[in-house]
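Asks: turn this into a model:
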Amino acid sequence: MDTRALMALAAVREAGTITGAAQRLHLSQPALTRQLQRLAAETGLVLLERRGRGVALTPAGEAMAGWARRQTEAWEALVANLQGRQPPALRIGCGATLALTLLPGALVRLRAALPDLTLRVLAGDSGVTAARVLAGEADAGLVTTAAADPRLVSVPLHDDPVVALGPPGTPERMSLAELAAGPLCLYVRNTGLRAFLDELLATAGLFPDPVAEVESLVALRELVAAGLGRSLLPWSVAAPAVAAGRVARIDVPELHGHARTVALLRRGDRPEHPAFAALRDACLAS
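Replies: Predicted coordinates:
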């Protein structure tokens, strides 16, 4: 395996032209071209294709360049850790809800522990976050849906109970069937939380027709406060509004013991980012 040729391919991916890549690597254009040709011959793959005045990587080239970049970043992180130097930027994948609830406090604690650490937050739901960690695009991922891929290590942080909410004045206790009778506002479909709720309701033989389906959990909470209907939300999202008296928590016995587990993901088959343990501790403290 010619590591220099792999890095040359990664440079072409970033620069968009062979000339630009050669300048980044301080090589002549013919020398860089020969490296790429040897790599293509070694693998038997078409790695580049002409596109306008520049070049673009084929799917095979993209996969190979991405792998090369991830290996380089892992190597740099390992060396920095062994030398006791400041680690590279920590890329954290995180969904919108956790970005509003858990992440701010965790990042404040992390910055206090590692003030020179550069942080990058990548927005996306649990599925997108897990995919980014798998692809090496994120060093860690905050998720609420269990990771199915065996290459992912999942570090549980805490359980976030699912609670029923209603506008102020709502009865303090009702059955799940009474809650589902409506009016009911729910999170949008094709999300981990909605799948969780649909399964919970279906197990009880309930298939409600919501009056509203909302993409934001915070917006969903505010619709309940405005009196549009009742809802089911993670306690981390509901708690501030309950404490302020803007919404009422409803005791639904069938919900007891039902919670989503918030976890921190990383790749188990690659070197751990030097700041991962500090991020884990900051999340636990939050």
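
Asks: got a list of what the nearest residue to Leu103 once chain neighbours are set aside touches?
Replies: Nearest non-adjacent residue to Leu103, counting by Cβ to Cβ, 6 or more residues apart in numbering: Cys94, 5.5 Å away. C-beta here means a position set from N, CA and C on the backbone, and glycine is covered the same way. Applying Cβ atoms under 8 Å, 6 or more residues apart in numbering, we find Cys94 in contact with 103, 121-124, 129, 141-142.

Asks: how does the protein divide into domains?
Replies: In terms of domains, the chain is parsed into 3-82, 87-158+261-285, 160-258 (source: automatic domain parsing).

Asks: of those, flag the one that's most buried.
Replies: A comparison of the domains of the chain by mean neighbour count, using mean count of other Cβ atoms under 10 Å, puts domain 87-158+261-285 on top with a mean of 18.

Asks: how about the domains of the chain in a markdown table, adding mean pLDDT?
Replies: Putting those into a markdown table (pLDDT from 0 to 100) gives the following:
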| stretch | mean pLDDT |
| --- | --- |
| domain 3-82 | 81 |
| domain 87-158+261-285 | 87 |
| domain 160-258 | 91 |
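
Asks: longest strand of the chain?
Replies: Taking DSSP state E as the criterion, the chain has its longest strand at strand 152-166.

Asks: just how off-centre is that one within its chain?
Replies: 15 Å (Cα atoms, centre = their mean, to the nearest Å).

Asks: who does it pair up with?
Replies: For strand 152-166, the pairing partners within the sheet under DSSP bridges are strand 230-234 (antiparallel), strand 248-250 (antiparallel), strand 259-267 (antiparallel).

Asks: determine which of those strands approaches Arg24 most closely.
Replies: Relative to Arg24, the nearest member of these by Cβ to Cβ is strand 259-267, separated by 26.8 Å.

Asks: ok, and what's touching that closest one?
Replies: For strand 259-267, the external contacting residues (Cβ under 8 Å, 6+ apart) are 93, 98, 102, 129-130, 133-134, 136, 139-147, 151-162, 192-193, 196, 234, 272-273, 276, 279-280, 283.

Asks: same thing with stretch 54-62?
Replies: 9, 12-13, 16-18, 43, 45-50, 65.

Asks: filter those down to the ones in strands?
Replies: Counting by DSSP E, the contacts of stretch 54-62 place 48-50 in strands.

Asks: of those, which is the nearest to Gly169?
Replies: Out of the ones in strands among the contacts of stretch 54-62, the member with the shortest distance to Gly169 (by Cβ to Cβ) is Glu49, at 64.9 Å.

Asks: who does that closest one bridge with?
Replies: Per DSSP bridges, residues listed as beta-bridge partners of Glu49: Ala56.

Asks: contacting residues for it?
Replies: 55-58.

Asks: could I get those as TSV with distance to Arg260?
Replies: Listed next are the contacts of Glu49 as TSV, based on distance: Cβ to Cβ, whole Å:
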residue	distance to Arg260
Val55	45
Ala56	41
Leu57	38
Thr58	40
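
Asks: of those, which pair is most distant in space?
Replies: When the contacts of Glu49 are compared pair by pair using Cβ to Cβ, the farthest-apart members prove to be Val55 and Thr58, with a separation of 10.0 Å.

Asks: got a list of what Asp139 touches?
Replies: Taking Cβ under 8 Å, 6+ apart as the criterion, Asp139 is in contact with 90-92, 133, 266, 273, 275-276.

Asks: please report how far the residue in the chain sticking out farthest from the centre lies from Thr261.
Replies: No residue in the chain sits farther from the centre than Pro30, which is 40.9 Å out by Cα atoms, centre = their mean. Per Cβ to Cβ, to the nearest Å, Pro30 is found 55 Å from Thr261.

Asks: ranges for the strands of the chain?
Replies: Remark: strands assigned in the chain by DSSP E are 48-51, 54-57, 90-94, 119-123, 140-143, 152-166, 184-187, 212-214, 230-234, 248-250, 259-267.

Asks: good, wrapping up.
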